[in-house]
Structure formats: C-alpha cells, structure tokens
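Asks: Turn this into a structure:
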Amino acid sequence: MYRLTPMLAVVALANMPSISFASSITNQPLHITVSGTRSLLSEEMSGKSVNVITHQQISASGAANIFEALRSSGAVQITQNYTGNSNDGVVSMRGFGENTSQNVLILVNGRPLNNPTLEAPDLSIISLNNVDRIEVLQGSAGVLYGQNAVGGVINIITRSIEGSNAQIQLSMGSYDTAKFSVGFDQRYDNGLGVRVNANRNTSHGYRDNSDTEYGRVNAGLSYRYNTGEIGISHQVIHDNQRLPGSLSDYQALTKPQATNTPNDFFNADVIVNEITLSQSASEHFSLNAELSQRDSNGKGYLYGSNSRQDTRVNSFTPRISAHLPTLHGDTILTTGYDYRGSDFQANNALGTTNSRQVSHALYAQVIHPISAQVFATFGARDTRIKDSNRVSNSDHSDSAFVKEFAINWRPKSNHQFFLRRDENVRFAAIEENGYTLPNISFLKPQKGTSWELGWKGRYQQTKLMLNLYRLELNNEILFDSAANGGWGANLNLDRSLRRGVILSVEHALMQNINIGGTYTYTDSELLAGSFKGNEVPFVAQHTLNLFVNYRFNQQWNLYLDGQYTGERYLAGDDANTLSKTDSIVLMNASLKWQHNHWTSQLTVNNLFNEKYDAYVGSSFGSAYHYPAPERNLLFNVGYSF
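Replies: Okay, the predicted model is just below:
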C-alpha cells in the first residue's frame with residue numbers, strides 16, 4: 001500500500017484550475033466558457049460545473065500531451081491504454097470503468113472525437129502548442145451534446161490566429177525520447193490568417209517492444225471579415241506503435257520491462273479535414289457551423305495474426321445562438337442540428353466487421369434570467385440513429401428524446417448555487433452490437449437521468465467549489481463476463497447508479513504562490529444483472545489531486561503536482577472476488593525558465609520512482625499487468641519569434 005508523502009501533506013489543498021497562476025484570486029466575475037452552452041456565456045449564467053485548464057497551467061505543469069494536462073488538473077481519472085504508450089489513454093468521469101470511452105464525450109472546438117467503435121478518442125492528434133484551454137464539464141450534457149455525453153464533456157479549445165507568431169521546440173528525455181516541433185501563425189491586415197505546424201516524436205519506450213514514432217503536419221487558412229470568420233484546415237498524422245502487451249503477476253514483479261508479444265505492432269494513418277464558420281447575422285443572432293471528416297486507416301499484427309482497421313467519421317454541426325434582451329438581462333437561445341455518419345471496417349483474428357452508423361439530432365436550449373440573481377435553463381433534444389451491418393445485411397433504427405432543467409442562483413457576486421436535472425442517451429457502438437446474446441441482434445439505447453447540486457464561492461485569496469451528483473442509468477450497455485454460459489456478452493442492465501462528491505479549493509498563498517487540489521468521491525454500483533450490488537471494476541472511490549505553483553521571478557517557475565488514486569477492483573473483475581489494487585501516489589515536478597524569446601523546461605514524472613501498473617485487469621481468475629514507467633525526465637528548449 002502506498003502512503004502520502006510529507007511533500008503531499010504540505011500541499012494538501014484543493015484545485016480549481018480555471019485561475020491563471022500569474023494572478024491572485026479576486027471576487028471578479030467567473031471565466032467565459034463554451035463547454036456548457038455551445039455559445040459564449042459567462043459561467044455565472046451557465047449553472048454548470050466547468051473546470052477550465054488554462055494555457056498558462058498547461059505550460060507551467062510541463063505536460064507533454066493532453067492526458068498529462070488532464071491528469072494534473074484533478075478533474076478526471078485517466079486510465080492508460082493497453083499499449084503502454086503515454087500518448088494513449090482513456091478519460092473516465094462519473095465512475096465508468098471499461099466502457100468509459102463511450103460515456104465521456106471529447107470535442108475539439110466542438111467537433112466530436114469519439115468513435116462509433118469501442119476505440120477511445122485519439123487525443124494524440126492534438127498539439128499542446130495550439131491549445132488555448134481545456135474545458136471540463138462535469139456531469140451529463142445530453143441535451144446540448146447528445147450521444148456519449150453521459151459522464152461529462154471535455155472540449156479542447158485551440159488558439160485563434162492572432163498577430164504574428166513562430167516557435168521551434170526541441171525535447172530529449174528518458175528512453176531515448178526525442179521530440180521536435182515547429183509552428184507559424186500569421187494574421188494579415190486584409191483578414192487572412194495562416195497557420196502551419198508540425199511535430200515529430202520518437203521513443204524506445206519504457207518496455208521492450210514499446211517503440212513509438214509519431215509525425216503530424218497541420219495547415220490552416222482563415223479569413224476574418226466584418227461580420228464573421230471562415231476557416232479551413234488539413235491535418236495528416238502518422239502514428240506507429242510497437243505493442244508490448246500484458247505480463248503475468250510474476251513477470252510484472254521481476255521484470256516489468258519485458259514483453260510477451262515481441263512482434264505486435266499497429267500503425268495508423270489519419271487525415272482530418274475541417275471547415276468552420278462563425279457568422280454574426282445581426283446584433284442579437286449568430287451562426288456557427290463545423291463540417292469535418294476524419295479518416296483513419298490502420299494495420300498491424302495483433303493476437304497472432306495480421307490486423308486491419310479503417311474508420312471514417314463525417315460530421316456537420318450548425319447552430320444558431322440568440323441573445324434576446326429582457327427585463328433582467330439577455331435570454332439566450334441555442335438551437336442546432338447535429339449529423340454524424342460513421343463507417344467502420346475491420347479484419348482481424350476476432351473476425352470481419354463492416355458496419356455503418358448514422359445519427360441525426362435536433363436540439364434547443366433556453367437560458368432565461370428570472371431576476372438579476374436567478375437564471376433558469378430549459379432544453380430538449382431528439383435523436384434518430386440507424387445501424388447497418390453489411391456482413392449480415394441487417395439494419396436497425398432507434399430514437400431517443402431527452403430533456404433538461406436547471407436553476408442557477410447567485411445571491412452575491414462571490415457566491416453561486418445551482419441545481420441541474422439532465423437526461424442523457426448512449427447508443428450501442430458497432431462492436432457492442434456484434435457480440436450480444438444469441439437472441440438479441442441490437443442492444444437498446446442506454447438512457448439516464450443526472451442530478452447535480454453545486455456551489456461555488458470566492459473569499460479574498462481563496463476559491464472553492466462543491467458538487468454533489470447522482471447518475472442513474474436504465475439499460476446501461478455493459479459487457480457481462482458471466483453471460484452467455486460464461487463466454488460473456490454485451491447486454492443491457494436494468495439499472496445502475498453512480499453517486500459522488502467533488503470538492504475543489506485554490507488559494508493564493510502569496511502573490512507568487514498558488515496551491516490547491518481536488519478531492520473526488522465516487523460510488524458506482526450495479527443494480528441489476530449477474531453482478532447486482534457489486535462495484536464497477538477499475539473505478540477508485542477516492543482520488544486526490546494537489547498542486548503548488550511557485551513563481552520565483554519573471555524568469556523562473558516551479559510547478560509540483562501529485563495524484564492519489566485509491567484502491568480499486570481489477571478491470572474485468574465484475575464479481576469483485578479478486579484482491580483490489582494498491583492505492584497509488586505519484587508526484588511530478590517541472591522547473592521552467594523563460595527569458596525574452598527563449599524557454600527551457602525540465603520535467604520529472606514519477607518523481608519518487610513508484611512501482612505501479614498503468615492498467616491491470618483480470619481474465620479467467622488471473623491478473624494481467626501493463627507496468628507504468630518508472631522515474632523519467634524530459635528536457636525541453638524552445639525559441640519563439
């Protein structure tokens with residue numbers, strides 16, 4: 001069992017990452033966000049719990065990718081993928097285990113990254129250099145975002161093109177890691193904007209057969225005019241990964257860097273094209289739209305045979321926002337249409353898949369000021385979906401209608417209370433419909449109701465947030481390992497329940513020192529099925545994230561963060577019969593120097609060299625392990641002009 005270190009005890013306060021570390025906390029209005037509303041709106045009106053991870057926080061923490069930035073914020077739980085690659089992982093919110101990738105919606109500038117399969121969203125396609133902020137919406141958002149927005153929504157907002165900027169960065173670190181990136185932005189006087197950036201990363205990895213080679217090139221143009229802006233971007237990604245596989249108990253203990261799959265690999269080529277429009281129609285109305293196509297083609301060697309997997313996702317998301325003057329302020333109307341068409345083909349040791357999934361949705365939300373201190377929110381969404389299995393030549397259509405209501409009360413400028421009721425829906429992924437009970441061809445939609453009760457407060461140099469939630473699901477889509485005569489199958493559970501508490505505090509100890517952290521309690525329970533009354537595997541009841549940021553002067557900055565993850569049942573241990581994993585405590589440190597155009601940064605992950613598993617599961621009563629890297633370093637130097 002791991003124990004809290006003295007350093008963690010010193011900084012054991014809580015975190016609200018929406019504050020820039022360069023400034024102290026005041027009683028000023030809350031930040032502008034878009035995650036909760038799909039339109040620009042002050043957080044004081046949104047009536048939602050939104051954590052904002054700023055560019056300043058990301059830079060100070062020394063995060064090398066989106067997962068590390070999210071991990072240090074404390075807003076979510078991160079589970080590393082089977083590959084053992086630090087660029088891969090799964091984001092968990094509201095107590096979801098192995099099916100979390102389908103219950104947390106991840107967006108880039110409002111464009112969904114979730115796949116029609118059980119494959120987790122690929123966050124490696126996003127360069128941290130282009131990220132302006134990451135907005136983490138806690139809880140269900142089924143009306144505004146629809147499919148997958150069950151446990152929460154993460155919206156990654158990239159920087160707009162402003163002025164003239166160019167930068168070059170070089171990084172070197174443990175396991176022969178080498179990274180190179182270059183970028184250029186230019187906004188001309190005639191309104192034309194140009195962006196070009198490229199990344200190349202290579203590493204031998206912590207384990208044998210865990211080499212990675214990653215390359216990314218992105219080019220974009222935008223044109224800004226008096227009433228709006230239109231943009232187009234093209235992105236090409238090559239992601240080659242060797243796959244070290246899992247280890248037994250004995251192997252993980254004696255030689256955690258070993259591999260049992262020296263020939264396994266998977267190489268993916270991804271192309272992303274996007275067109276965006278932001279148009280002001282009048283003083284009170286605006287139109288925003290995104291049209292995108294993501295094409296991923298992968299091939300490799302898995303499970304003892306050649307494997308191929310191709311995915312294409314097209315999406316179109318236009319919406320109209322209106323700010324209509326009323327007696328106590330603007331009534332805000334957001335209404336739109338969401339389209340997503342997905343094609344998936346796979347050929348591997350598990351069989352052949354050729355499927356298509358198409359969804360259409362109409363939604364509307366109204367935020368109305370009842371008084372200067374009270375805001376009410378109403379909304380509804382209607383979704384229609386069609387699945388086509390080209391192998392069995394069968395089709396299936398389904399629909400769902402969800403609603404929301406929220407009341408937001410701000411009795412004083414530095415206090416805010418809110419109560420939300422939001423309904424959500426999740427339709428089965430293509431792979432889930434392909435492995436059901438013999439008498440079931442297509443699974444029912446998973447539907448749920450989320451209740452959120454929250455409070456936010458500011459006191460001089462302290463900012464606090466308390467959030468209580470209850471999420472009850474009907475027909476939860478889950479893999480039951482005891483079903484189908486012990487062979488397992490995806491099925492619909494009658495009921496399941498998640499409850500929890502999130503407490504965050506940030507305090508400006510001095511003008512140049514900020515400390516804080518986030519504590520999360522999660523109670524996830526199955527209320528039906530073969531494992532009624534059991535906990536959801538691989539979900540920790542207790543997590544604690546802490547940080548201290550110390551700016552010595554204008555040139556030097558030290559950032560320390562720590563994560564505590566409590567014990568939990570092994571992934572796949574639905575019966576809760578095996579021993580739980582040990583709790584984990586990790587510390588990371590980053591020292592940054594900046595002067596004029598130069599920046600250098602030394603980041604040390606797993607500072608105290610803890611031995612732990614990035615992922616550990618069970619199969620037929622035995623555990624399998626994916627050991628995590630030990631202490632590792634990354635040194636970065638950059639020049640901007």
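Asks: From now on I want contacts and neighbour counts done on CA atoms only, so please keep to that.
Replies: Will do.
Asks: Run a quick neighbour tally on N314.
Replies: Number of residues near N314 (other Cα atoms under 10 Å) recorded here: 19.
Asks: With P411 instead?
Replies: Count around P411 with other Cα under 10 Å applied: 12.
Asks: contacting residues around it?
Replies: The neighbours of P411, taking Cα atoms under 8 Å, 6 or more residues apart in numbering as the test, are Q373.
Asks: what's the distance between it and Q461?
Replies: Distance of P411 to Q461, computed by Cα to Cα, to the nearest Å: 20 Å.
Asks: ok, now G572?
Replies: Per Cα to Cα, G572 is found 45 Å from Q461.
Asks: Those two: who's more crowded?
Replies: Neighbour count, other Cα under 10 Å: between G572 and Q461, G572 has more, with 22 against 16.
Asks: partners of the spatially closest residue to the more buried one that is not a sequence neighbour in the sheet?
Replies: Nearest non-adjacent residue to G572, counting by Cα to Cα, 6 or more residues apart in numbering: S618, 5.4 Å away. Assessed by DSSP bridges, S618 has beta-bridge partners A623.
Asks: With V425 instead?
Replies: Bridge pairing for V425 - DSSP bridges - gives K447.
Asks: C-terminal to the longest strand along the chain, what's the next element?
Replies: For the chain, the strand with the greatest residue count under DSSP state E is strand 489-510. Toward the C-terminal end, the helix or strand that comes next after strand 489-510 (DSSP states H and E) is strand 513-526.
Asks: Could you list the alpha-carbon positions for the helix or strand just after that next one in PDB?
Replies: For strand 513-526, the succeeding helix or strand toward the C-terminus, using DSSP H and E, is strand 542-551. The C-alpha coordinates for strand 542-551 follow below in PDB (Å, rounded to 0.1, in the frame of the first residue of the first chain):
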ATOM      1  CA  HIS A 542     -11.200   8.200  -3.600                       C
ATOM      2  CA  THR A 543      -8.900  10.400  -5.700                       C
ATOM      3  CA  LEU A 544      -7.000  13.400  -4.700                       C
ATOM      4  CA  ASN A 545      -5.000  15.800  -6.900                       C
ATOM      5  CA  LEU A 546      -2.800  18.500  -5.500                       C
ATOM      6  CA  PHE A 547      -0.500  21.200  -6.800                       C
ATOM      7  CA  VAL A 548       1.800  24.100  -5.800                       C
ATOM      8  CA  ASN A 549       2.900  26.700  -8.300                       C
ATOM      9  CA  TYR A 550       5.800  28.900  -7.200                       C
ATOM     10  CA  ARG A 551       7.000  31.800  -9.500                       C
END
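Asks: Poorly predicted segments of the stretch 51-200 of the chain, please.
Replies: Applying pLDDT under 70 to the stretch 51-200 of the chain picks out residues 74, 80-88.
Asks: Using CSV, write down the CA coordinates of stretch 54-65.
Replies: C-alpha atoms of stretch 54-65 as CSV (Å, rounded to 0.1, in the frame of the first residue of the first chain):
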residue,chain,number,x,y,z
THR,A,54,-5.7,27.3,-19.0
HIS,A,55,-2.8,27.5,-21.4
GLN,A,56,-0.7,29.0,-18.5
GLN,A,57,-1.4,26.0,-16.3
ILE,A,58,-0.6,23.5,-19.1
SER,A,59,2.7,25.4,-19.8
ALA,A,60,3.7,25.6,-16.1
SER,A,61,2.9,21.9,-15.4
GLY,A,62,5.3,20.7,-18.1
ALA,A,63,2.6,18.4,-19.6
ALA,A,64,3.7,16.7,-22.8
ASN,A,65,0.3,15.7,-24.0
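Asks: List the buried residues in it.
Replies: Using 16 or more other Cα atoms under 10 Å as the test for burial, stretch 54-65 gives 54-55, 57-65.
Asks: mind listing the helices for the chain?
Replies: 6-10, 43-46, 55-61, 66-73, 142-145, 249-254, 430-433 (DSSP state H).
Asks: Which of those helices sits closest to F418?
Replies: Closest approach to F418 among those is made by helix 43-46 (9.1 Å; Cα to Cα).
Asks: I'd guessed A258 sits against S210; true?
Replies: No - counting by Cα atoms under 8 Å, A258 stays clear of S210, with 9.9 Å between them.
Asks: Comparing these two, which shows the higher neighbour count?
Replies: The neighbour comparison of A258 against S210 (other Cα under 10 Å) goes to S210, with 23 against 20.
Asks: so that one makes contact with N240?
Replies: No - at 10.2 Å, S210 does not count as touching N240 under the criterion of Cα under 8 Å.
Asks: Below-threshold pLDDT in this protein: ranges please.
Replies: Scanning the chain for pLDDT under 70 picks out 1-47, 74, 80-88, 350, 481-482, 486.
Asks: Look up the closest residue to Q257, ignoring the ones flanking it.
Replies: R207 (4.1 Å).
Asks: what's the neighbour count on S622?
Replies: The burial count for S622: 11, using other Cα under 10 Å.
Asks: What separation do you get for it and D189?
Replies: The gap separating S622 from D189 is 65 Å, by Cα to Cα.
Asks: can you map out the strands along the stretch 1-150 of the chain?
Replies: Applying DSSP state E, counting those that start in this stretch to the stretch 1-150 of the chain gives strands spanning 32-33, 41-42, 50-54, 77-79, 90-92, 104-108, 111-112, 131-138.
Asks: try the stretch 151-300 of the chain
Replies: 152-158, 164-173, 177-187, 192-203, 212-225, 228-242, 265-280, 285-302.
Asks: So which of those is the most surrounded?
Replies: Mean neighbour count (mean count of other Cα atoms under 10 Å) peaks for strand 152-158 among the strands of the stretch 151-300 of the chain, with a mean of 23.
Asks: Direction included, what does that one pair against?
Replies: strand 104-108 (parallel), strand 131-138 (antiparallel).
Asks: Switch the ones you listed over to CSV; also include mean neighbour count.
Replies: Shown next, in CSV, are those (neighbours: other Cα atoms under 10 Å):
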stretch, mean neighbour count
strand 104-108, 24
strand 131-138, 23
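Asks: wait, which of these is closest to T449?
Replies: When those are compared by Cα to Cα, strand 131-138 sits nearest T449, at 14.0 Å.
Asks: how far off helix 66-73 does the closest one point, in degrees?
Replies: In this structure, strand 131-138 runs at an angle of 60 degrees to helix 66-73, with axes from the mean of the first three to the mean of the last three Cα atoms, to 10 degrees as the basis.
Asks: quick one: strand 131-138 to strand 489-510, angle?
Replies: Strand 131-138 and strand 489-510 are oriented at 120 degrees to each other (the same axes, to 10 degrees).
Asks: Name the residues that touch strand 131-138?
Replies: Contact partners of strand 131-138, identified using Cα under 8 Å, 6+ apart, comprise 33-36, 48-55, 75, 93, 151-159.
Asks: Try it again at 6 Å.
Replies: With Cα atoms under 6 Å, 6 or more residues apart in numbering as the test, strand 131-138 has contacts from 49-55, 152-159.
Asks: H360: which of those residues is nearest?
Replies: V153 (19.4 Å).
Asks: For P438, see how far away that closest one is.
Replies: Distance from V153 to P438, counting by Cα to Cα: 34 Å.
Asks: again with T352
Replies: For T352, the distance to P438 (Cα to Cα) stands at 18 Å.
Asks: cool, M172 as well?
Replies: Taking Cα to Cα as the measure, M172 and P438 are separated by 53 Å.
Asks: what's the answer for Y175, then?
Replies: Counting by Cα to Cα - Y175 and P438 are separated by 47 Å.
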